[in-house]
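# Structure for this input, please:
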Amino acid sequence: MDRATFEAALTREGFEIVSITMKPDGVNPEHVHPFDARLLVLDGEITITRDGKAETFRPGDSCAMPANYPHAERVGPQGVAYIAGRRAV
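Have a look, this model is predicted:
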């Protein structure tokens, strides 16, 4: 999916759009967010682990995470840059 299409969908569905960059090899242990989240990777990679399953996302990949859903994040060796949508529940 391209950035313009992703951002248009976020706006249409009431998400706030933020740009996020994370440093290489960063780790966020298991946590939850008080909002629904969607992301589109622009550069680098991020691995998200949920329900014991790890999935790696690279440029052009997107995923969704409902509010209060436990997950962990591990950033690849090049770091990661992504567009995130956040919508309060």
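
# what's the burial count for Arg3?
11 (other C-beta atoms under 10 Å). Yep, even glycine has a C-beta here, placed from its N, CA and C like the rest.

# Leu10 now?
Neighbour count for Leu10, taken as other C-beta under 10 Å: 19.

# Next up, the contacts around it.
Neighbouring residues of Leu10 by C-beta atoms under 8 Å, 6 or more residues apart in numbering: 17, 38, 83, 85.

# Next, format those residues as CSV and append secondary structure, distance to Ile46 and pLDDT.
Listed next are the contacts of Leu10 as CSV, based on DSSP: H, G, I helix; E, B strand; the rest coil; distance: C-beta to C-beta, whole Å; pLDDT from 0 to 100:
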residue, secondary structure, distance to Ile46, pLDDT
Ile17, strand, 18, 98
Arg38, strand, 13, 98
Ile83, strand, 12, 97
Gly85, strand, 15, 98
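
# how about a markdown table for those, with distance to Pro24 and neighbour count added?
Shown next, in a markdown table, are the contacts of Leu10 (distance: C-beta to C-beta, whole Å; neighbours: other C-beta atoms under 10 Å):
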| residue | distance to Pro24 | neighbour count |
| --- | --- | --- |
| Ile17 | 24 | 13 |
| Arg38 | 23 | 20 |
| Ile83 | 19 | 18 |
| Gly85 | 24 | 23 |
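
# closest to Gly44 among these?
Distance to Gly44 across the contacts of Leu10 (C-beta to C-beta) is lowest for Ile83, with 13.0 Å.

# Now the closest one. Nearest residue, chain neighbours left out?
Spatial nearest neighbour of Ile83, excluding adjacent residues (C-beta to C-beta, 6 or more residues apart in numbering): Leu40 at 4.9 Å.

# right, and that neighbour touches Met1 too?
Yes - using C-beta atoms under 8 Å, Leu40 is in contact with Met1, at 6.3 Å.
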